[in-house]
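1. just need the structure, nothing else, for what follows:
(one chain, ligands or ions: 1)
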Amino acid sequence: MSAHESETGGDRRAREPLRIRIDECGPMLLPGPVEVELPDGRVVRSDRVVVALCMCRRSRILPWCDTSHRRHRIPPGKA
Ligand code: FES
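-> Numbering: from 1, shown residues only. Below is the predicted model of the structure:
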């Protein structure tokens with residue numbers, strides 16, 4: 001195992017499955033720290049205990065959620 005794998009949770013994944021929670025109409029929540037490789041090859045990192053990845057693509061700080069999804073929620077019964 002490389003040092004990189006260790007820093008990004010390689011050890012954690014070897015022991016137990018990584019549980020990811022998908023918030024309805026919101027972000028994907030996963031235990032941190034997390035590194036995300038972007039389409040342009042850059043790698044960004046969050047050291048938060050729980051990391052929120054934007055699923056709605058409205059965030060101004062992609063790939064992280066900035067709660068912009070809250071302003072665009074579809075009221076219950078309108079979907
Ligand atoms: S999921 Fe929160 S801003 Fe996109």
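2. from here on, contacts and neighbour counts on C-alpha atoms
-> OK.
3. which residues of the protein lie near the ligand?
-> Taking Cα under 6 Å from any ligand atom, the part of the chain that reaches the ligand is made up of 26-27, 54-59, 65-69.
4. can I get those in JSON lines with secondary structure, pLDDT and neighbour count?
-> Listed next are the residues of the chain next to the ligand as JSON lines, based on DSSP: H, G, I helix; E, B strand; the rest coil; pLDDT from 0 to 100; neighbours: other Cα atoms under 10 Å:
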{"residue": "G26", "secondary structure": "coil", "pLDDT": "92", "neighbour count": "19"}
{"residue": "P27", "secondary structure": "coil", "pLDDT": "95", "neighbour count": "22"}
{"residue": "C54", "secondary structure": "coil", "pLDDT": "96", "neighbour count": "23"}
{"residue": "M55", "secondary structure": "coil", "pLDDT": "94", "neighbour count": "19"}
{"residue": "C56", "secondary structure": "coil", "pLDDT": "93", "neighbour count": "16"}
{"residue": "R57", "secondary structure": "coil", "pLDDT": "93", "neighbour count": "15"}
{"residue": "R58", "secondary structure": "coil", "pLDDT": "94", "neighbour count": "16"}
{"residue": "S59", "secondary structure": "coil", "pLDDT": "96", "neighbour count": "16"}
{"residue": "C65", "secondary structure": "coil", "pLDDT": "97", "neighbour count": "22"}
{"residue": "D66", "secondary structure": "coil", "pLDDT": "96", "neighbour count": "16"}
{"residue": "T67", "secondary structure": "coil", "pLDDT": "95", "neighbour count": "16"}
{"residue": "S68", "secondary structure": "helix", "pLDDT": "95", "neighbour count": "16"}
{"residue": "H69", "secondary structure": "helix", "pLDDT": "93", "neighbour count": "18"}
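5. out of those, which comes closest to E16?
-> Nearest to E16 among the residues of the chain next to the ligand, counting by Cα to Cα, is P27 at 22.6 Å.
6. list the contacts of that closest one.
-> Shown in contact with P27 (Cα atoms under 8 Å, 6 or more residues apart in numbering): A52, L53, C54, M55, C56, C65.
7. I'm done for today, thanks for sticking with me.
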